[in-house]
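Q: All I have is the shape, not the residue letters:
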């Protein structure tokens, strides 16, 4: 059978394999999506709109009003016009077209700041683009370290992917660290290095010093969606914001990858952007749940990285612990799903990614069961 | 600015450029989507479902019930199980992942049977996959010719794309011609050649001898969507049906291109598949409109290829006529949008692709204005 060897080389998802073995009784700390429900009013408004206008193609880059609303909402310098926005079916396609359209497989490398969600590396692998990995480390609590990132840059580095707030570490990159990295990149000269800032957990933020590259660094591409902020993972509605010279190049790929995004989903997004604080509707829930999860981790005696953002916690289960078999055993023996750190990068081995969006008593019980299996405890 | 040169080399769409110059007064025979409205009941049912279940991620390949419903509906031999189906955000992504995952840019070629919608060739171009074009010709009324296709196959050919009913010619490939091509492909030996059958206009069918490769040839991949059958172009809900050994490879690419399809759109699709004759809800309209359009073409004295399927007509405007400037002039001087044949392949030069989904009196007037500009008329 004929195949593209670069696609054939991609390994099946560990997260999915674990999820497939989940039982109805399992405590699920593995999930990467909200347990909340979306606001149904948006569905009703979008349905009404379709009944009046039909459900026709939108322009390839998205509906003009939505592109404008997105750009207006963030008001990032040089990314604040409709033409900077490309509406995508979720942030995954936004990441994909950024990597695909902007990097030359013949000479460019993608740098991934680890621990990182595996999809950035898999996109590069699928495109035949060289990969550079720069690990943030446990002794710093996986804090984003601009100096370490800057030092890892090579002449081939053409894009750096940073997910902040981070999946899986829950850390955010501080404004000072973003500024330091921006200075290093600008001082470097030559062809600019893009920063791809994945802001998917932007609305789930608990730190007060988070930095946004788009406010600081001119060669930033932002990707985001309404999946996490509005419990709309299944609506597949995201976007990229890119400089005016860059967006048209991403659009060329977008046209032949998916043609255009869902018109109904775009109406829902437009209603949300037009609603005051529409993107923050679940922020209070997450704040409260985060504090409760941190208390539960403390009570279980587990060591974890500071929870600056997202709905995850990076939980230490022991130095030298191989977390893939650990997670398998945790599921079989303690009926808890958590994601092994190793899949996010070598520096995250010994740690688990635990989401805390389940009912808090379930989360609490899950942490207690993890503590029962962990080889280390926090010193009291 | 760094770019992927293969993406940078893709030329902007001529169809879009023409559409951008359309005026409110224009007669639009350029559009590639229904003018009908979708059935709102499906939106209400899907909204109700979301209110009960949330709008969460579906599995990467799509919801199990929908995959099963799709496979069950068509009952193609060896494509009749849920695992043969991958749900995609429209048929474009299905085409993209088929080409991307199954062809090796280092050695394989994609054969496009022309005249053809430009997106197949653009996908190959973007992936660095060699392209082979085999033209169907005007003297045959652009009938699909198995012998001509088989004769064009080279040792590099690894996939043949056939869109039947055809965009842009409105011809269908007969069952006898499909069987003849299948025999030639099977007789060839060696590594099998995939047939990618784009069935997007399957429900808009007026010929009674159309062939479906999936019923005939084991190495067929089918792509389709609800865009045209159910006036849901904006819902972005399509699928691929692929053999059991092939589908998992396409899924690997799908996961990193878009992750998964829209859950709401999948519920709409499931309701349509579960409704008796749900996919045929607009078939009677298209039958009637097709006959009226044919009468209007006859009355205008225009030569056109037999309209076997789709909502297009291939209209002859003169041998040696350069249709790109012709179409521009037609818009400026006669206020009619039609798509120049040249963009679908060299053999379609001298012809226009005209859709006939506008109100029939507008379609009739459009054809009359084209006849006024055409350099040839049909002999009465």
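A: Sure, I can see it. Given the structure is predicted, the values throughout are model-derived calculations rather than measurements.
Q: Spell out which residues of the stretch 51-200 of chain A are next to chain B.
A: Within the stretch 51-200 of chain A, the positions lying close to chain B (CB under 8 Å from any CB of the partner chain) are A:51, A:54-58, A:60, A:89-90, A:92-93, A:96, A:100-106, A:108, A:119, A:122-123, A:126, A:158-159, A:191-192, A:194. Quick note: C-beta positions are derived from backbone N, CA and C, even for glycine.
Q: Please flag which of these sit within helices.
A: Those of these mapping onto helices are A:51, A:92-93, A:96, A:100-102, A:119, A:122-123, A:126, per DSSP state H.
Q: Nearest to residue B:340 among those residues?
A: Distances from residue B:340 to those, taken as CB to CB, are shortest for residue A:101 (27.1 Å).
Q: ok, of the residues of the stretch 51-200 of chain A next to chain B, which come out buried?
A: Among these, the ones that count as buried by 16 or more other CB atoms under 10 Å in any protein chain shown are A:54-58, A:60, A:89-90, A:92-93, A:96, A:100-105, A:108, A:119, A:122-123, A:126, A:158-159, A:192, A:194.
Q: wait, what's in contact with residue A:235?
A: The contact partners of residue A:235, taken as CB atoms under 8 Å, 6 or more residues apart in numbering or on different chains, are A:38, A:226-227, A:262, A:265, A:268, B:55, B:262-264.
Q: what would these look like in TSV with distance to residue B:183, pLDDT and secondary structure?
A: Listed next are the contacts of residue A:235 as TSV, based on distance: CB to CB, whole Å; pLDDT from 0 to 100; DSSP: H, G, I helix; E, B strand; the rest coil:
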residue	distance to residue B:183	pLDDT	secondary structure
A:38	52	97	coil
A:226	51	98	coil
A:227	49	96	coil
A:262	41	98	coil
A:265	45	98	helix
A:268	50	98	helix
B:55	48	97	coil
B:262	40	98	coil
B:263	42	98	helix
B:264	43	98	helix
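Q: Skipping adjacent residues, who's closest to the residue of the stretch 101-250 of chain A at minimum distance from chain B in space?
A: Residue nearest to chain B within the stretch 101-250 of chain A: residue A:234 (2.9 Å; CB to the nearest CB). Nearest non-adjacent residue to residue A:234, counting by CB to CB, 6 or more residues apart in numbering or on different chains: residue B:263, 2.9 Å away.
Q: how close does that neighbour sit to residue A:37?
A: 13 Å (CB to CB, to the nearest Å).
Q: of these two, who's got more company?
A: Ranked by neighbour count (other CB atoms under 10 Å in any protein chain shown), residue B:263 and residue A:37 place residue B:263 first, with 24 against 15.
Q: need the contact list for the more buried one.
A: A:233-236, B:50, B:55-58, B:63.
Q: Let's see that with 10 Å instead.
A: Neighbour list for residue B:263: A:232-236, B:46, B:49-50, B:53-58, B:62-63, B:66 [criterion: CB atoms under 10 Å, 6 or more residues apart in numbering or on different chains].
Q: wait, doesn't the residue of the stretch 101-250 of chain A closest to chain B sit right on residue B:267?
A: Yes - proximity of residue A:234 to residue B:267 meets the contact threshold set by CB atoms under 10 Å, at 9.3 Å.
Q: Pull up the overlap in contacts between the two.
A: Shared contacts of residue A:234 and residue B:267 (CB under 10 Å, 6+ apart): B:50, B:53, B:55, B:58, B:63.
Q: Could you point out which of those is nearest to residue A:17?
A: residue B:58 (17.3 Å).
Q: State the pLDDT value of the closest one.
A: Looking at residue B:58, its pLDDT is 95.
Q: That one and residue A:77, how far apart?
A: 37 Å.
Q: what pLDDT, on average, does stretch A:89-106 get?
A: Averaged across stretch A:89-106, the pLDDT comes to 98.
Q: if we can go back for a sec, the residue of the stretch 101-250 of chain A closest to chain B: what secondary structure?
A: Secondary structure state of residue A:234, per DSSP: H, G, I helix; E, B strand; the rest coil, is helix.
Q: Can you tell me the number of residues neighbouring it?
A: Neighbourhood size, residue A:234 [other CB under 10 Å]: 27.
Q: now do residue A:284
A: Burial of residue A:284 is recorded as 9 neighbouring residues (other CB under 10 Å).
Q: check which helix or strand covers it.
A: According to DSSP states H and E, residue A:284 maps onto helix A:283-300.
Q: which strands and helices sit next to that helix?
A: strand A:303-304, strand A:312-316, strand A:351-355, helix A:360-373 (3 or more CB pairs under 10 Å, 6 or more residues apart in numbering or on different chains; DSSP states H and E).
Q: at 7 Å instead, please
A: strand A:312-316, helix A:360-373 (3 or more CB pairs under 7 Å, 6 or more residues apart in numbering or on different chains; DSSP states H and E).
Q: Quick check: which of the ones you listed is buried the most?
A: Looking across the helices and strands packed on helix A:283-300 with neighbours counted as mean count of other CB atoms under 10 Å in any protein chain shown, the highest average goes to strand A:312-316: a mean of 25.
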